[in-house]
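J.: Whatever this is, show me its structure:
(chains A and B)
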Number of protein chains: 2
Amino acid sequence: MNAEIIAVGSELLLGQIANTNAQFLSEQLAMLGINVYFHTVVGDNPDRLKMAVKQAEKRADLIIFTGGLGPTKDDLTKETISKILGRQLVYDQEALQSILDYYKKTGRHMTENNRKQALVIEGSDVLPNRQGMAPGMLTETSGRTYILLPGPPFEMRPMYLDYVKPHLSGRHSEQIVSRVLKFFGIGESALETEIMDLIDGQSNPTIAPLAKESEVTLRLTAKHTDRLHAEQMIDQTEQLIKGRVGQYFYGYDPMTLPMAAFYQLKENSLTVAAAESLTGGLFSKQLTDIPGASDVFKGSIISYSNDVKERQLDIPASLLASDGAVSEACAKAMAQSVRAKCGADIGVSFTGVAGPEKSEDKDVGTVYIGIADAMTAYSFLYHMNGTRPSIRIRTAKSGFDLLRRYVLKTSPFN
Amino acid sequence: MNAEIIAVGSELLLGQIANTNAQFLSEQLAMLGINVYFHTVVGDNPDRLKMAVKQAEKRADLIIFTGGLGPTKDDLTKETISKILGRQLVYDQEALQSILDYYKKTGRHMTENNRKQALVIEGSDVLPNRQGMAPGMLTETSGRTYILLPGPPFEMRPMYLDYVKPHLSGRHSEQIVSRVLKFFGIGESALETEIMDLIDGQSNPTIAPLAKESEVTLRLTAKHTDRLHAEQMIDQTEQLIKGRVGQYFYGYDPMTLPMAAFYQLKENSLTVAAAESLTGGLFSKQLTDIPGASDVFKGSIISYSNDVKERQLDIPASLLASDGAVSEACAKAMAQSVRAKCGADIGVSFTGVAGPEKSEDKDVGTVYIGIADAMTAYSFLYHMNGTRPSIRIRTAKSGFDLLRRYVLKTSPFN
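T.: Numbers count the residues shown, from 1 in each chain, chains lettered A, B, ... in the order given. Modelled structure (predicted):
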């Protein structure tokens, strides 16, 4: 089954909002094994909408529309589709009643155009709207399914999940299982080169790489009538992949690097404190984005000035003078000091040059990350490329990855 | 001029990401007065991409592509477009050199597929990529413009702004001038109510309100053949608006609250230090996102645990026992302490309940922000609604707004 998603609304073409409805529906349809080959966005214009529908009818047997079901004059999706299908618009009594009830209950004045929302395409299944007034519609004709959903995501999503998904699921005997593997510390092209033969050789499961913010993900997707069997097919492919690049794997989507580090720390009842210089709070912010962070996080000292490095982290002025703040010695001392001062098991430190200017004659992108426990202090040197924000983001991610590896006692801590 | 935006990438059709590139480009094109009638999303498939291009050529004289310029085998946008245009792909020496330089600098191994990124459509203008390796392309043929941009938004946006926008702007005789006013501390509907007559009464300039992350923006857009005249029309409308809601105005887009506070501090040669509890580093992170932050920012102490509040901020255990960490007394003491410890002119502190759980029997959303200078300590109590992330974001924004107002000596500091 091939689907096409048509979003109707000039606000999308003006860039006022992003088409997150298409993302949601695509993800949902992918889970059902329904191929989506095109998204189209078209404005509140009957002729151009008709053009988009005619085009979609040539290549899809399921067309899902979002938007254009509201009360205003420029809401014209059902008007246009009903004409294309040669059907009338008729009042749905249930929808009309719930509109009248709403105005009665809230005591607000009902303008006449609100009645328009109860009009539906004759002969279609009416999909109730729990979050708003405009109902959706589902109708099948000449082997093709047309589904009309409202535009606001908080109305569209529950309507899809409650009515459309069960309808579409019933049709498919084939199960689609997806799993996303996340990697850090290897580039997209290097990873792809390592597993090129697997990508080329396999059609079920498929392997789809995607690079995002210094990370690489692989989406494995298997189809089989038996869900468990599809899972096993993915397991096998995952093992093959991990045999090649397992040292960079850190978790499955929606796992993030901060979460991976958090879970490792929590599981091992370890706490951490951070001394942040170039990251300026980013590491701590990302760790405390996680509810329950206080189980593993004691606190941090953001030593953005050398002054604070001396006063709050007791970094000797002599060390700052001899080695500089961006140095192995300073990274180790910062990690050791913040660990002791905040009473944590592990100290992690970040010092480097985020740019745009050089610092201490060190190039932009020079970064030291320190890790210290009661016994040992480690320091790791990086040369990063990119802009100030991307260097900061990659530095924080590297810190979480090191922390995770420290707790797991894997490379470089083994 | 009519434009169509074609996004290429199976990750969009699988719902892994939303098509935010189309939103950005639509917004940009609207500002230039270029109509966008369709967005299309198509997967990494040459035949279907060709179908989308053929369709777009029928209805648009500007076609902008995003995505599919990367190193992997399924990146095929330029391969497909070059075939459609009957042109060769040739190596761009500058792009090739910058790829080689990147691998030399980082010391990473360059896989052969990376070279592919330096291939460009013969005869096209090559658009340099400051944030990545794949250059963009712009080419005109038979009165139609084809622009190929990379998929990652952080690569695509600067490329559009630096190269594509100036190119497109040059073509229009009518000047469109836009200015975005940013407000904090007032809700969208309250602001709209204050200026409803202005919104209704004006068509040039237009006034478009938008609410985003606890802020409200007003976009004023004027059209005139004379750019200066359009600017003056906007000036007049801006004055009318400020007469009503000027006390909430803090700057023009792309100004942000952290930047507004940063500029005020810098202009007055003042420095700040922060004691962060519920924000966990967010305030410091946002301040240090700004290049040159070290001119005004000394450092912070993130006292996520009471332990660190006592040890690093010298908050008396008796105060924590009597008033609690989420209290006016604690907010003031934190601000005073971090100011002294980091040697800053101003101390700012954040303590509160971000949730999801209550804390110290105080409701989620209870937040105290402290501000201290050498003479006085202030404390401000908020009751915020929303989720953990939105409470944290609003708290940090309120901190920047208070800091800005403190330096300006306006309400509540006058």
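J.: quick one: contacts for A:Val364?
T.: A:Val364 makes contact with A:Val353, A:Ala354, A:Gly355, A:Pro356, A:Glu357, A:Lys358, A:Arg388, A:Ile391 under the criterion C-beta atoms under 8 Å, 6 or more residues apart in numbering or on different chains. C-beta coordinates here come from the backbone N, C-alpha and C atoms, glycine included.
J.: mind checking how far it is from A:Ile186?
T.: Computed with C-beta to C-beta, to the nearest Å, the distance linking A:Val364 and A:Ile186 is 23 Å.
J.: returning to that earlier point: dump the contacts of A:Val364 to JSON lines, plus neighbour count and secondary structure.
T.: Output for these, formatted as JSON lines (neighbours: other C-beta atoms under 10 Å in any protein chain shown; DSSP: H, G, I helix; E, B strand; the rest coil):
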{"residue": "A:Val353", "neighbour count": "23", "secondary structure": "coil"}
{"residue": "A:Ala354", "neighbour count": "29", "secondary structure": "coil"}
{"residue": "A:Gly355", "neighbour count": "20", "secondary structure": "coil"}
{"residue": "A:Pro356", "neighbour count": "10", "secondary structure": "coil"}
{"residue": "A:Glu357", "neighbour count": "11", "secondary structure": "coil"}
{"residue": "A:Lys358", "neighbour count": "11", "secondary structure": "coil"}
{"residue": "A:Arg388", "neighbour count": "19", "secondary structure": "helix"}
{"residue": "A:Ile391", "neighbour count": "24", "secondary structure": "helix"}
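J.: The lowest-mean-pLDDT helix or strand in chain A near chain B at all?
T.: Least confident element among the helices and strands of chain A, by mean pLDDT, DSSP states H and E: helix A:93-106 (a mean of 84). No: with C-beta under 8 Å from any C-beta of the partner chain as the threshold, helix A:93-106 lies outside contact range of chain B, at a closest distance of 16.0 Å.
J.: could you point out which element follows that helix?
T.: Reading on from helix A:93-106 to the C-terminus, the next helix or strand found by DSSP states H and E is strand A:119-121.
J.: Can you name every helix or strand that that next one contacts?
T.: On a contact count with 3 or more C-beta pairs under 8 Å, 6 or more residues apart in numbering or on different chains; DSSP states H and E, strand A:119-121 meets helix A:77-85, strand A:89-91, strand A:136-141.
J.: For chain B, which of these is the nearest?
T.: Taking C-beta to the nearest C-beta as the criterion, helix A:77-85 is the member of the helices and strands packed on strand A:119-121 that comes nearest to chain B, at 15.3 Å.
J.: Just the mean pLDDT for that closest one, thanks.
T.: For helix A:77-85, the mean per-residue pLDDT is 95.
J.: Going by neighbour count, which residues of that helix are buried?
T.: Neighbour-count burial for helix A:77-85, with 16 or more other C-beta atoms under 10 Å in any protein chain shown as criterion, is recorded at A:Thr77, A:Lys78, A:Thr80, A:Ile81, A:Ser82, A:Leu85.
J.: where in chain A is pLDDT low?
T.: Chain A contains residues with pLDDT under 70 at A:106, A:108, A:171-173.
J.: how does it divide up, domain by domain?
T.: A:2-169, A:177-252, A:257-408 (automatic domain parsing).
J.: what's the most buried one of those domains?
T.: Of the domains of chain A, the one with the most neighbours on average (mean count of other C-beta atoms under 10 Å in any protein chain shown) is domain A:257-408, at a mean of 22.
J.: Work out the gap between that one and the centre of the chain.
T.: Domain A:257-408 has its C-alpha centroid displaced from the chain centroid by 26 Å (C-alpha atoms, centre = their mean, to the nearest Å).
J.: again with stretch A:72-83
T.: In this view, stretch A:72-83 has its centroid 33 Å away from the chain centroid, taken as C-alpha atoms, centre = their mean.
J.: Can you lay out the domains of chain A as a markdown table showing distance to B:Leu278?
T.: Output for the domains of chain A, formatted as a markdown table (distance: least, C-beta to C-beta, whole Å):
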| stretch | distance to B:Leu278 |
| --- | --- |
| domain A:2-169 | 27 |
| domain A:177-252 | 26 |
| domain A:257-408 | 8 |
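J.: Nearest to B:Phe283, out of the ones you listed?
T.: Between B:Phe283 and the domains of chain A, the shortest separation by C-beta to C-beta is 7.1 Å, and it involves domain A:257-408.
J.: shouldn't A:Leu138 be in contact with A:Arg144?
T.: No: look at A:Leu138 against A:Arg144 with C-beta atoms under 8 Å: they stay out of range, at 11.8 Å.
J.: How is the most centrally placed residue in chain A assigned, secondary-structure-wise?
T.: Centroid-nearest residue in chain A, with C-alpha atoms, centre = their mean: A:Pro254, separated by 7.4 Å. The assignment at A:Pro254 comes out as coil when based on DSSP: H, G, I helix; E, B strand; the rest coil.
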